[in-house]
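Trainee: What would the 3D arrangement of this be:
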Amino acid sequence: MTAEVITTAKGTGQRFDRRIVETNRIVDVQLDHEGSKNRERKIRIVLEPDEKDQEIIGFGGAFTDSSAGALLQMSETLRIEIVRRYFDPVHGLGYNIGRVPIGACDFSRTYYSCDDHKNDTKLSFFSIEEDKKGIIPLIRSARSYLQDPDDLYLYALPWSPPAWMKSNHDMCNGGKLKKRYYQTMASYIGHFVDAYRDCGISIRAVTSQNEPDQVQKWPSCTFSAGEEADFLTFLIPEMKRRGVRILCWDSNKDFARERTEYLMKKSLVSEGIDGVSFHWYSGGLYAELEKIHKEYPKLTLCATEGCVVMPEHLDDWSVGEQYALDMIEDLNHGTSLWMDWNMFLDENSGPKMFVNPCAAPIILDSSHQQLKYMTSYYYIGHLSRYIKRGAIKIGARITDMHPEEVAEKTIRCCAFLNPDGNLCLIILNTGNNPADVIMEAYGTQTSLTIVEHSISTVLLKS
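Mentor: Numbering: from 1, shown residues only. Sure, this is the predicted structure:
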């Protein structure tokens, strides 16, 4: 057997560097800065291919209007390269999932819904013309890199209903969907699915509302658990007729289990819910995901949003480590799908209407026509490029760690059985010291040295 090792490291300058190693012999994949091969610390990672868990659907990011606007500020040649950097399965990150806002969100260049005509309950004026200016061309460009364009799974949801459907008569600042418009709003989401389908683009799943527990200065709308359950009785039939899956919640992990448990006790909606979507902003809370996964194994766990505030330095290494840590632990606790927020923004976190200084893995400097890659780009790629759709999460036990390593949790990993029968192991080292690792699988043993502040993907080919 052979193993291919791909490495990105802070101190060595490596970015997706590759090396083939043989199993059953000691091979230093990385050396520390002094070149020492003799360290006492040994960590054993035992892969268990027969210990199977969830199937992986894929990885991706959001097709926001701001991302589309940032892209349009670049030259045509660069636009092609930028999209390729995400969706090309070999030279990009291999993205195959996308999140699409229904109407304006916090990262939109204009304030709009898909029907701003007051009391248009028949949705006679429904339109996705704003999407045709940026989002849909971006989606079409992304689809061109997939072997089958329909392999790009798209997930859509509103940040707010049109203002005329809401209690505060405003798409922004929270408010509620008036109950008399529940059926109209369900049809509104259905119209969005139909309009995209008319453009040759399939929407695979929807959610009732983005962050239904949050009142924001940008488009937002709140749903209590009871209100979401009531609205789902209208949305489920609309989506089932279209063959579209339904996810619930789509907010932070802290109340994901509570909302899921409430909805799953409602007989009229429990059979119509296919998964739970969540964001990372309330912190790890990975045990909460595990509880949902164990209690409701039929539900697909979907990480649908995470980002960081624009750092002072775009090469801030902690950003990449934060991404990889969340991805690894989400996957280790039952998650099947992981999505970033904006795929790219300009140097001012835009273009957009609202002040929300988020970063994206690729920053587009329009004044100099340059692409700036944050460390998150490389760290995401160590998972998204090599864990294939249809991969099965398998067991990966870390043993023989020193007490300080256990306490600090500087070494994390996750492992998968890819559809081609080969194993994929991700090893993250967030510590200040290199770590000697012995990987065991199929009765073989491979020795690796994982330098400080690095991530490695190990592909074990049988």
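Trainee: from here on, contacts and neighbour counts on C-alpha atoms
Mentor: Fine.
Trainee: show me where this structure has helices.
Mentor: 65-72, 76-87, 129-132, 135-143, 182-198, 225-242, 256-264, 267-270, 286-295, 317-332, 375-384, 403-408 (DSSP state H).
Trainee: Compare the ones you listed and give me the one nearest L157.
Mentor: Closest of the helices of the chain to L157 is helix 182-198, at 7.8 Å (criterion: C-alpha to C-alpha).
Trainee: Give me the angle between that closest one and helix 135-143.
Mentor: In terms of direction (axes from the mean of the first three to the mean of the last three C-alpha atoms, to 10 degrees), helix 182-198 departs from helix 135-143 by 50 degrees.
Trainee: Helix 225-242 and helix 182-198, what's the angle between them?
Mentor: Angle, helix 182-198 to helix 225-242, by the same axes, to 10 degrees: 40 degrees.
Trainee: Could you list the low-confidence segments of this structure?
Mentor: Applying pLDDT under 70 to the chain flags residues 25-41, 401-408, 462.
Trainee: Show me how the record splits it into domains.
Mentor: Annotated domains of the chain cover 2-55+392-461, 58-384 [automatic domain parsing].
Trainee: Switch the ones you listed over to TSV; also include mean neighbour count.
Mentor: As requested, the domains of the chain are exported to TSV (neighbours: other C-alpha atoms under 10 Å):
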stretch	mean neighbour count
domain 2-55+392-461	18
domain 58-384	20
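Trainee: ok, what's across the strand from the most centrally placed residue in the chain?
Mentor: Centroid-nearest residue in the chain, with C-alpha atoms, centre = their mean: M339, separated by 1.1 Å. Counting by DSSP bridges, M339 is bridged to G60.
Trainee: need the contact list for it.
Mentor: M339 makes contact with F59, G60, G61, A62, I97, G98, R99, A303, T304, E305, G306 under the criterion C-alpha atoms under 8 Å, 6 or more residues apart in numbering.
Trainee: From the residues you listed, which land in strands?
Mentor: In strands, judged by DSSP state E, the following of the contacts of M339 are found: F59, G60, G61, A62, I97, G98, R99, A303, T304, E305.
Trainee: what's the closest of the residues you listed to K388?
Mentor: Closest to K388 out of those is F59 (9.2 Å), distances taken as C-alpha to C-alpha.
Trainee: Could you work out the most separated pair of the contacts of M339?
Mentor: Pairwise distances across the contacts of M339 (C-alpha to C-alpha) peak at 14.5 Å, for the pair I97 and G306.
Trainee: Tell me where the longest strand sits in this structure.
Mentor: Longest strand of the chain, by residue count under DSSP E: strand 42-55.
Trainee: Dihedrals phi and psi, T12?
Mentor: Backbone torsions of T12, given as degrees, to the nearest 10, read phi -100, psi -10.
Trainee: Return the distance of it relative to H91.
Mentor: Here the criterion is C-alpha to C-alpha, to the nearest Å. By it, T12 lies 21 Å from H91.
Trainee: Identify the residues contacting K409.
Mentor: Counted by C-alpha under 8 Å, 6+ apart, K409 has zero contacts.
Trainee: Can you tell me how far it is from D330?
Mentor: 15 Å.
Trainee: How about F87?
Mentor: 22 Å.
Trainee: again, but for I102
Mentor: Distance, I102 to D330, using C-alpha to C-alpha: 26 Å.
Trainee: show me what contacts E211?
Mentor: By C-alpha under 8 Å, 6+ apart, the neighbours of E211 are W159, S220, C221, T222, W249, D250, S251, N252.
Trainee: what's the first-to-last distance across stretch 278-297?
Mentor: Counting by C-alpha to C-alpha, you get 16 Å between the two ends of stretch 278-297.
Trainee: can you pull the contacts of K240?
Mentor: Contacts of K240 by C-alpha under 8 Å, 6+ apart: none found.
Trainee: Contact partners for R197?
Mentor: Contacts of R197 (C-alpha under 8 Å, 6+ apart): I203.
Trainee: L235 is in contact with Y188, isn't it?
Mentor: No: the criterion here is C-alpha atoms under 8 Å, and L235 misses it with Y188 at 9.7 Å.
Trainee: Please report how far the nearest residue to G320 once chain neighbours are set aside lies from D326.
Mentor: Once flanking residues are discounted, G320 sits nearest to S376: 3.7 Å by C-alpha to C-alpha, 6 or more residues apart in numbering. When distance is defined by C-alpha to C-alpha, S376 is 11 Å away from D326.
Trainee: Good, we can wrap up now.
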